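Undergrad: I would like to see how this sequence folds:
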Amino acid sequence: MTDTLYLFPGLLCDARVWRHQQEVLSRHLDVRIPDFRDFDSLDAMAQAVLDEAPERFYLAGHSMGGRAAMQVLDKAPERVISLALLDTGLHPVKPGEAEKRQVLLDLAETEGMGAVARTWAPPMVHPDRHLDRELMEDIFEMVENYTPQNFKNQVNALLTRPDATPILAKSQPGALILCGREDTWSPPAQHEDIARAMMGHPPVIVIDHSGHMSTMEQPEKVTQAMQAWLKPG
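TA: Next up, the predicted model:
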């Protein structure tokens, strides 16, 4: 029987954020990528997956998808064979965060998702890639595939997130923790905090020349790290 791997996309992202990983890993796994645009809580995202998932599965989450993956772990740790967390965080909502996110929500309502894409996306990637038209257009198109209501849903999910520190103690040894070296949104030090909270304190893999969108900026390196995670020893 083929093992199942869930790949959870982050805020304003869809299956394109996992394109390379899906292409390679689906050669040996049943790879599934849920669409979270209509959910307004992490718990609802997690429950929707648990309701249709096989009894046990591998689970990887990027950014907000990492938060949703932790929620799955909290609800059903016995069903997660192994966990991968990429460019994400564990802390609860920070002072001023809601106000900062509201600025982008207001922009979505007044100027549309195209304006959001061109404001939100550049800080998410390594500065050297801002002129990489193919990469940036790919990210812009993902964002523009959302509606302002979809965006509002996901922001609400993030603003009602729990402190994930106690959840991570439920993980199994052998987890993958990975981020871009230049990820200013979820920096390497934040991932060290994640690793310390997990069973076995896994090492943090830092991908050079990458910002927050590591799966798209350095797809081959991320896929290689995931292949090693899926084949321990």
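
Undergrad: what segments of the chain are helices?
TA: 19-25, 42-52, 64-75, 97-111, 113-120, 133-144, 148-159, 165-168, 188-197, 214-217, 219-230 (DSSP state H).

Undergrad: and D51, how far from M45?
TA: Going from D51 to M45 by CB to CB, to the nearest Å gives 11 Å. Any C-beta I mention is one placed from the backbone N, CA and C, and that applies to glycine too.

Undergrad: more neighbours, those two?
TA: M45 (27 against 7; other CB atoms under 10 Å).

Undergrad: residues touching that one, list them.
TA: Going by CB atoms under 8 Å, 6 or more residues apart in numbering, M45 touches 8, 34, 36, 39, 68, 71, 157.

Undergrad: next one: V31
TA: By CB under 8 Å, 6+ apart, the contact set of V31 is 4-5, 7, 21-22, 25.

Undergrad: swap in E109?
TA: Contacts for E109 (CB under 8 Å, 6+ apart) come out as P148.

Undergrad: one more: S41?
TA: 156-157, 160.

Undergrad: mind doing that once more with 7 Å?
TA: 157, 160 (CB atoms under 7 Å, 6 or more residues apart in numbering).

Undergrad: ok, back up a step: would you reformat the helices of the chain as CSV and include mean pLDDT and distance to S82?
TA: Below are those laid out as CSV (pLDDT from 0 to 100; distance: least, CB to CB, whole Å):
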stretch, mean pLDDT, distance to S82
helix 19-25, 98, 13
helix 42-52, 98, 16
helix 64-75, 98, 11
helix 97-111, 97, 30
helix 113-120, 98, 31
helix 133-144, 98, 27
helix 148-159, 98, 24
helix 165-168, 96, 13
helix 188-197, 97, 14
helix 214-217, 98, 18
helix 219-230, 98, 7
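
Undergrad: so which of the ones you listed gets nearest H126?
TA: Closest of those to H126 is helix 214-217, at 6.1 Å (criterion: CB to CB).

Undergrad: let me know which of the helices of the chain is tucked in deepest.
TA: helix 214-217 (a mean of 28; mean count of other CB atoms under 10 Å).

Undergrad: how near is the closest residue to D14 other than its chain neighbours to D51?
TA: Using CB to CB, 6 or more residues apart in numbering and skipping residues adjacent in sequence, the residue nearest D14 is M142, 5.4 Å away. Using CB to CB, M142 is found at 25 Å from D51.

Undergrad: pretty sure S210 contacts H126?
TA: Yes - counting by CB atoms under 7 Å, S210 sits close enough to H126 to count as a contact (5.8 Å).

Undergrad: between the two, which one's more packed in?
TA: Per other CB under 10 Å, whichever of S210 and H126 has more neighbours is S210, with 25 against 22.

Undergrad: what sits against the more buried one?
TA: 126, 180-182, 217-218.

Undergrad: and which of those is nearest K75?
TA: K75 lies nearest to G180 out of these, by CB to CB, at 28.6 Å.
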